[in-house]
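Visitor: structure of the sequence below:
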Amino acid sequence: MAGLLRVGDVFRYASSKDAVPADVDGFRNFWHVTDTPGRKKVLLESGINSIAEVAAVDGPRRAAVLIRSSPWKAGSEQTPWHDVFSLEVGHVRYFGDHKPGLAVPVGQTKGNGALLRAFERHRAPTADVRRFAEPLLVFRAVRRGRSPKGHVEFCGVGLVERAERLVQWAGEERDTFTNYVYDFAMLDLSAEDDCLDWRWVEARRDPAVSVDAALKLAPAAWREWVGKGHAALPRVRRRVARSRIVKIRDQKPPSGSPEAADLRMIHRFFNNRKHDFEAVASAVAGRILGDGASYREGWLTRRSGDGGADFIGRVDVGRGTAGASLVVLGQAKCVTPETSISAEQIARIVARLQRGWIGVYVTTGYFSEAAQMEMVEDRYPISLVNGRELAGELRSMANEDHNGDLVACLEHLRANQAAVVTERRPEEVLLL
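Guide: The predicted structure follows:
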């Protein structure tokens with residue numbers, strides 16, 4: 001869509017700078033998307049490209065600073081540094097434009113000067129100053145076809161979180177020179193479907209538009225940062241894992257609903273016999289993990305000294321010589337539906353996982369967003385079953401086999417639980 005830059009999209013940055021065609025060589029035309037009638041073209045000719053400052057109605061401001069990284073040049077005499085892009089956690093480490101042999105002081109090159117000025121506004125203590133701060137629009141060159149030139153990938157909107165002066169090596173003789181390196185905090189654009197609307201930049205370039213009017217077109221994360229400053233960065237930083245996080249409200253049944261009544265009843269049923277809850281957790285885990293695979297219940301562990309696992313199971317995928325079996329370590333926690341399960345609680349079972357093992361944590365409560373974030377970002381092979389999912393699975397089981405009687409379903413699962421085996425090691429489930 002014209003005027004929108006989506007994170008991850010590749011644009012054709014043709015030397016002709018022609019803004020007319022919307023697409024060039026099968027790629028969206030950078031000059032078309034960023035075209036602002038009556039204004040000079042924005043460029044990516046250098047690593048650090050500042051849009052000209054305007055004398056706006058409420059004070060001077062710079063619309064944006066465009067950053068371009070060229071990974072294919074890293075380590076060359078022209079680019080003796082290696083930028084680091086960790087977009088999944090909202091971080092870019094970017095080196096300034098000072099080079100060996102330059103007579104200009106390190107902080108006064110064109111690019112370093114622009115980023116250091118931006119840094120002053122990005123770390124400003126008041127919202128009144130931050131609203132004038134220039135955003136960083138970050139791109140990196142990508143190879144398409146034989147040539148590494150002429151194509152750029154949009155990496156998002158950022159700000160300078162810190163600037164550090166350092167000494168680098170360069171050239172065949174390994175000479176040293178001083179430069180700046182910057183840590184960019186890349187912002188979460190999920191509220192905008194991971195897109196930047198170029199109208200925001202256009203408004204910031206228009207001297208007749210106030211900074212507050214332009215701010216209304218900014219991404220939600222940028223507006224929150226302007227209002228709350230550095231303290232807001234943990235909330236507004238781009239983290240791909242957030243897309244897999246289930247909000248707390250979505251882990252709980254709606255208040256007053258039949259689901260909520262079921263969950264309260266399940267908790268009361270096992271409140272004074274929480275070890276029996278492990279049999280139910282094992283059965284529910286089997287239904288969830290067995291969706292698309294074959295799950296086999298193993299056994300329940302003893303009440304104490306279980307080493308972090310309450311039940312053992314096995315998942316079989318494939319068949320014959322193309323099949324594989326995975327040990328399942330399960331944790332069951334019967335708590336009030338308003339209870340949060342923390343990352344530290346989940347870590348107990350994660351610490352026991354070995355190669356070829358997976359974990360499952362079943363609770364009547366819910367998982368904190370911090371706990372989910374840690375599990376996703378660290379890529380732990382563990383399934384988290386919250387109270388709402390638990391109640392839904394048990395209600396389905398009751399409807400299927402017990403004429404909708406949830407209590408009868410729970411009694412059946414408790415009475416038919418596997419025998420408690422304390423001597424067996426988890427890997428022995430592979431022999432069943």
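
Visitor: longest helix of this protein?
Guide: Longest helix in the chain, counting residues (DSSP state H): helix 387-401.

Visitor: which pLDDT value belongs to residue 360?
Guide: For residue 360, the model assigns a pLDDT of 95.

Visitor: run a quick neighbour tally on residue 257.
Guide: If you count neighbours by other CB atoms under 10 Å, residue 257 ends up with 13. Just so you know, the C-beta spots here come from the backbone N, C-alpha and C atoms, and that holds for glycine as well.

Visitor: separation between it and residue 370?
Guide: Taking CB to CB, to the nearest Å as the measure, residue 257 falls 27 Å from residue 370.

Visitor: next, count neighbours for residue 200.
Guide: When neighbours are counted by other CB under 10 Å, residue 200 registers 22.

Visitor: got it, and residue 430?
Guide: Using other CB under 10 Å: residue 430 sits among 13 other residues.

Visitor: now residue 409: which helix or strand?
Guide: Secondary structure assignment for residue 409, by DSSP states H and E: helix 406-415.

Visitor: which elements pack onto that helix?
Guide: helix 258-270, helix 277-289, helix 387-401 (3 or more CB pairs under 8 Å, 6 or more residues apart in numbering; DSSP states H and E).

Visitor: buried stuff in the last one?
Guide: Think helix 387-401. Buried residues in helix 387-401, counted by 16 or more other CB atoms under 10 Å: 387-395, 397-398.

Visitor: now it: average pLDDT?
Guide: Rounded mean pLDDT across helix 387-401 is 93.

Visitor: got the angle for it vs helix 258-270?
Guide: Going by axes from the mean of the first three to the mean of the last three CA atoms, to 10 degrees, helix 387-401 is angled at 90 degrees with respect to helix 258-270.

Visitor: dump the helices and strands packed on helix 406-415 into TSV; add distance to residue 348 as well.
Guide: What follows is the helices and strands packed on helix 406-415, written out as TSV (distance: least, CB to CB, whole Å):
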stretch	distance to residue 348
helix 258-270	20
helix 277-289	15
helix 387-401	19
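
Visitor: can you say which of those is nearest to residue 139?
Guide: Nearest to residue 139 among these is helix 387-401 (41.1 Å), distances taken as CB to CB.

Visitor: domain assignment for this protein?
Guide: What automatic domain parsing lists as the domains of the chain is 4-242, 248-431.

Visitor: start to end distance for the first one?
Guide: Domain 4-242 has an end-to-end distance of 22 Å (criterion: CA to CA, to the nearest Å).

Visitor: and it, what's its mean pLDDT?
Guide: 91.

Visitor: low pLDDT regions in the stretch 251-400 of the chain?
Guide: Scanning the stretch 251-400 of the chain for pLDDT under 70 picks out the ranges 292, 303-308.

Visitor: one more pass at 80, please.
Guide: Residue ranges of the stretch 251-400 of the chain with pLDDT under 80: 274-275, 290-293, 302-308, 319-321.

Visitor: now the buried residues of helix 387-401 in CSV, with distance to residue 330?
Guide: Listed next are the buried residues of helix 387-401 as CSV, based on distance: CB to CB, whole Å:
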residue, distance to residue 330
387, 16
388, 19
389, 14
390, 13
391, 18
392, 18
393, 14
394, 16
395, 21
397, 17
398, 21
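
Visitor: out of those residues, who's nearest residue 329?
Guide: Residue 329 lies nearest to residue 390 out of the buried residues of helix 387-401, by CB to CB, at 17.9 Å.

Visitor: surely the closest one is in contact with residue 361?
Guide: No: using CB atoms under 8 Å, residue 390 is not in contact with residue 361; the gap is 10.9 Å.

Visitor: and the longest helix of the chain, C-alpha only, in PDB?
Guide: Extracted C-alpha coordinates of helix 387-401, given in PDB (Å, rounded to 0.1, in the frame of the first residue of the first chain):
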ATOM      1  CA  GLY A 387      -7.100 -22.500  33.600                       C
ATOM      2  CA  ARG A 388      -9.500 -21.500  30.800                       C
ATOM      3  CA  GLU A 389      -8.000 -24.200  28.500                       C
ATOM      4  CA  LEU A 390      -8.100 -26.700  31.300                       C
ATOM      5  CA  ALA A 391     -11.800 -26.000  32.000                       C
ATOM      6  CA  GLY A 392     -12.600 -26.200  28.300                       C
ATOM      7  CA  GLU A 393     -11.000 -29.600  27.800                       C
ATOM      8  CA  LEU A 394     -12.600 -31.100  30.900                       C
ATOM      9  CA  ARG A 395     -16.000 -29.800  29.800                       C
ATOM     10  CA  SER A 396     -15.500 -31.400  26.400                       C
ATOM     11  CA  MET A 397     -14.500 -34.700  28.100                       C
ATOM     12  CA  ALA A 398     -17.600 -34.500  30.400                       C
ATOM     13  CA  ASN A 399     -19.900 -33.900  27.400                       C
ATOM     14  CA  GLU A 400     -18.300 -36.700  25.400                       C
ATOM     15  CA  ASP A 401     -18.300 -39.500  28.000                       C
END
